[in-house]
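> attaching a predicted model along with its sequence, questions to come.
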Amino acid sequence: MKKNLTLFVAFVSAAALLTACGDKANDNSSEEASAVATEAADAESATQTGTDVDLSTLETQTLLDTDLETCLTLGEYKGVTAEVTTVEITDEDVESKLASVYAQDPMMVDVTDRAVESGDTVNIDYVGKYADTQEAFQGGTAQGASLTIGSHSYIDGFEDGLIGVNIGDTVDLNLTFPENYGAAELAGKDVVFTVTVNGIQTAEAEPSDEWVASKNLEGVTDLEGFKNHLKEQLTQDAQSTREDTIQNTVLETVMNNTTFNEIPEKLYNRYYKQQYEAINYYTQLYAASTGTQLTADEFVTMTMQNNGIAGEAQDYIKNMVDQTTKQFMMLQAIADKEGIEVTDEDIDEYLHNAYDNAATTAYSTFEEYKASLEMEIYREGLMSQKVVDFLTENANVVETN
């Protein structure tokens with residue numbers, strides 16, 4: 001529940017906010033991406049890519065324009081129970097995390113007294129040529145390439161062909177590209193790779209103080225200190241998971257306790273339109289960064305697949321908007337009943353923080369930036385967070401082993 005709500009609020013807010021401001025964490029984003037994103041977000045009146053609905057024709061209304069008392073009946077929302085499992089970070093947890101971190105980034109040492117073995121990381125130069133013409137093919141030449149033997153990063157036979165080769169030796173590998181290889185000009189072709197082994201490295205079996213020092217972590221200089229660092233990380237992760245579990249449980253329970261009599265069409269349209277505008281924004285960013293233009297529905301389908309979600313994009317979006325509309329209605333109804341308000345100062349503080357911490361902006365002043373935004377989006381987002389905090393603070397949290 002909370003994840004869906006949070007993602008939607010962030011999604012919609014980002015579409016409006018990032019048009020003007022780039023996050024400092026993404027300083028490497030291109031000017032092209034910013035320009036394309038701005039153009040996409042400004043096209044509110046246009047039919048959005050990927051849907052057969054002209055969003056500019058949708059009539060909308062806000063939560064403040066909605067008679068929530070006729071639309072829903074709140075059930076119990078204060079003091080609802082949320083069970084969480086008590087988690088204690090053990091030495092075994094720390095050792096497991098250490099092993100995982102080390103496996104991904106081990107301490108490499110040079111090997112000079114033997115030939116290449118499976119598992120080694122080799123530094124190589126190579127030239128790939130067609131076997132019949134001896135002509136070098138495009139993309140088949142490299143110098144100083146790093147390759148771990150056994151990683152299956154290259155075509156069959158390439159890595160195995162280097163086992164037993166000594167540093168400084170050059171070998172010819174007679175290989176064949178797979179019939180279904182992505183590059184049509186190489187699919188099924190017989191080739192010869194001429195490979196020189198420049199160096200051999202292998203991973204030390206265990207992490208060491210030297211390995212820790214190479215990571216340049218502030219205040220962490222040895223293995224024992226790194227274990228303490230990992231324990232702090234694991235503790236923070238466990239606390240974050242605990243908080244998410246409480247919020248998810250509380251919101252799900254409160255939603256289940258709420259009776260929804262109707263969902264006003266114009267209110268639903270509001271979130272449907274916002275969702276597609278946000279998706280279109282991210283689709284344009286994706287196009288700018290990858291060179292691949294997708295429709296909004298194609299982008300959603302790709303995202304669903306990446307997250308293991310089955311189904312049709314339109315059905316997924318409509319279901320998400322339906323749930324989102326209900327969530328906002330419920331949260332606003334609780335805010336009304338409990339006197340929870342979002343002031344102009346709250347909104348200004350939020351927007352000032354975003355504007356002041358932006359890497360780049362299309363606006364010369366904060367006032368110009370603020371005037372380009374729909375304040376109700378931010379009021380709803382901040383209201384939602386205040387109500388979620390209220391619900392979790394008043395929940396009956398039960399610790400279980």
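Thanks, I have it. Residues are numbered from 1 along each chain as shown.

> what segments of the stretch 201-350 of the chain are strands?
Assigned by DSSP state E, counting those that start in this stretch, the strands in the stretch 201-350 of the chain fall at 259-260.

> low-confidence ranges in it?
Within the stretch 201-350 of the chain, not a single segment meets pLDDT under 70.

> and the nearest residue to residue 234 once chain neighbours are set aside, what does it touch?
Ranked by CB to CB, 6 or more residues apart in numbering and with sequence neighbours excluded, the top spatial neighbour of residue 234 is residue 89, at 4.8 Å. All C-beta spots, glycine's among them, are computed from the backbone N, C-alpha and C. Each residue near residue 89 by CB atoms under 8 Å, 6 or more residues apart in numbering is listed here: 231, 234-235, 238.

> residue 89 in helix, strand or coil?
What DSSP: H, G, I helix; E, B strand; the rest coil gives for residue 89 is coil.

> circling back: pipe the contacts of residue 89 into TSV and attach neighbour count and distance to residue 347 per row.
Listed next are those as TSV, based on neighbours: other CB atoms under 10 Å; distance: CB to CB, whole Å:
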residue	neighbour count	distance to residue 347
231	17	39
234	17	36
235	14	34
238	16	33
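
> which residues in the stretch 1-150 of the chain form strands?
For the stretch 1-150 of the chain, applying DSSP E, counting those that start in this stretch gives strands covering 21-23, 72-73, 81-85, 108-111, 121-130, 136-148.

> just to revisit the earlier point, give me the distance between the residue nearest to residue 234 and residue 68.
For residue 89, the distance to residue 68 (CB to CB, to the nearest Å) stands at 43 Å.

> of the contacts of residue 89, closest to residue 320?
Of all those, residue 320 sits closest to residue 238, with 28.7 Å by CB to CB.

> tell me the contacts of that closest one?
Going by CB under 8 Å, 6+ apart, residue 238 touches 87, 89.

> tally of neighbours for residue 273?
Number of residues near residue 273 (other CB atoms under 10 Å) recorded here: 20.

> how much space separates it from residue 378?
Relative to residue 378, residue 273 is positioned 16 Å away (CB to CB).

> same question for residue 364.
Look at residue 364 and residue 378: by CB to CB, they are 21 Å apart.

> between the two, which has more neighbouring residues?
Shown here are residue 364 and residue 378; by other CB under 10 Å, residue 378 has more neighbours (23 against 8).

> confirm the more buried one sits in a helix?
Yes. Checked against three-state DSSP, residue 378 lies within a helix.

> how's the chain carved up into domains?
2-74+258-400, 108-203 (automatic domain parsing).

> tally of neighbours for residue 306?
A total of 8 residues lie near residue 306 under the criterion other CB under 10 Å.

> roughly how far apart are it and residue 67?
To residue 67, residue 306 is 40 Å away according to CB to CB.

> same list (the strands of the stretch 1-150 of the chain) but as JSON lines, adding mean neighbour count and mean pLDDT.
Shown next, in JSON lines, are the strands of the stretch 1-150 of the chain (neighbours: other CB atoms under 10 Å; pLDDT from 0 to 100):
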{"stretch": "strand 21-23", "mean neighbour count": "19", "mean pLDDT": "36"}
{"stretch": "strand 72-73", "mean neighbour count": "16", "mean pLDDT": "98"}
{"stretch": "strand 81-85", "mean neighbour count": "14", "mean pLDDT": "94"}
{"stretch": "strand 108-111", "mean neighbour count": "13", "mean pLDDT": "96"}
{"stretch": "strand 121-130", "mean neighbour count": "19", "mean pLDDT": "97"}
{"stretch": "strand 136-148", "mean neighbour count": "14", "mean pLDDT": "95"}
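
> for residue 258, which of those strands is the nearest?
Between residue 258 and those, the shortest gap by CB to CB is with strand 72-73, which sits at 5.8 Å.

> note down every partner strand of the closest one and its orientation.
Strand 72-73 has its sheet partners listed here by DSSP bridges as strand 259-260 (antiparallel).

> report the distance from stretch 141-155 to the chain centre.
Centroid displacement of stretch 141-155 relative to its chain, using CA atoms, centre = their mean, to the nearest Å, is 28 Å.
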